[in-house]
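1. This is the structure alone, sequence omitted:
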């Protein structure tokens with residue numbers, strides 16, 4: 001009789017917790033597609049940035065990595081820098097007049113003049129480099145784990161770490177990053193979702209599932225969504241992926257984005 005009572009209590013407790021757990025699961029935030037642009041399909045996109053006039057993109061893989069600047073990502077780059085064959089380009093961001101580019105396993109941050117891509121210096125760091133963005137003061141870096149690292153833009157020293165959590169899931173494989181509307185947006189490697197992260201608490205505030213996009217790519221494990229660039233003027237996010245022949249300008253319904261704005 002005692003065992004039956006304990007078992008019944010456990011079942012009752014589980015029945016109460018399950019609805020709470022279900023509510024905690026992250027629901028995809030709807031979005032609208034504002035524009036689609038075509039480009040070549042040879043971009044192994046690792047980093048993407050747009051300042052309202054110019055674009056910068058990094059493409060990865062050993063002996064094939066490059067950094068490029070565009071006035072129109074549908075056209076040929078204004079300038080392109082090929083990296084040494086030993087380097088695998090990763091995420092990038094622009095802060096002030098400098099462009100910062102991560103490398104995958106070399107532990108090197110390469111710094112360039114953003115106006116002409118002149119190479120300025122190299123900073124060393126431990127571990128892998130994946131994604132990079134900035135909140136206007138610090139550089140924010142991912143390394144494929146569930147943690148984001150805030151770093152000093154002058155020294156690249158660690159200022160603090162932020163554990164990404166919440167929304168009923170365990171988060172990892174955080175990849176390309178973008179800071180937009182007060183939130184850190186992150187690609188997740190091998191996941192069609194991009195998530196919005198609170199920069200203070202690390203709480204996941206929402207997600208946008210890019211699965212409804214239909215890029216013209218061959219079916220291959222490498223052709224995953226990767227690349228987020230904030231278009232402040234048009235109130236949206238440019239998104240793309242590795243070997244994707246398209247870039248899409250999307251506007252989430254919420255998460256800091258206005259419901260309507262001039263396109």
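-> Everything's here; your move. The shown structure was predicted, so the numbers you read here are calculated from the model rather than taken from an experiment. Numbering: from 1, shown residues only.

2. Show the contacting residues for the residue lying closest to residue 205 once chain neighbours are set aside.
-> Nearest non-adjacent residue to residue 205, counting by C-beta to C-beta, 6 or more residues apart in numbering: residue 196, 4.7 Å away. For every residue, glycine as well, the C-beta is placed using N, CA and C. Counting by C-beta atoms under 8 Å, 6 or more residues apart in numbering, residue 196 makes contact with 29, 183, 184, 185, 204, 205, 206, 207, 208, 252, 255, 256.

3. just the strands in the stretch 1-150 of the chain please.
-> Remark: strands assigned in the stretch 1-150 of the chain by DSSP state E, counting those that start in this stretch are 31-38, 45-50, 55-59, 66-70, 79-82, 89-95, 98-103, 108-113, 119-124, 132-134, 139-142, 147-151.

4. so can I have a markdown table of those showing distance to residue 200 and mean pLDDT?
-> What follows is these, written out as a markdown table (distance: least, C-beta to C-beta, whole Å; pLDDT from 0 to 100):
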| stretch | distance to residue 200 | mean pLDDT |
| --- | --- | --- |
| strand 31-38 | 24 | 96 |
| strand 45-50 | 23 | 98 |
| strand 55-59 | 27 | 98 |
| strand 66-70 | 31 | 98 |
| strand 79-82 | 35 | 96 |
| strand 89-95 | 19 | 98 |
| strand 98-103 | 23 | 98 |
| strand 108-113 | 25 | 98 |
| strand 119-124 | 26 | 98 |
| strand 132-134 | 15 | 98 |
| strand 139-142 | 12 | 98 |
| strand 147-151 | 11 | 98 |
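
5. Can I get those strands in a markdown table including distance to residue 171?
-> Output for those, formatted as a markdown table (distance: least, C-beta to C-beta, whole Å):
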| stretch | distance to residue 171 |
| --- | --- |
| strand 31-38 | 20 |
| strand 45-50 | 20 |
| strand 55-59 | 23 |
| strand 66-70 | 28 |
| strand 79-82 | 33 |
| strand 89-95 | 17 |
| strand 98-103 | 20 |
| strand 108-113 | 24 |
| strand 119-124 | 27 |
| strand 132-134 | 17 |
| strand 139-142 | 11 |
| strand 147-151 | 9 |
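
6. For residue 161, find the nearest of those.
-> strand 147-151 (5.3 Å; C-beta to C-beta).
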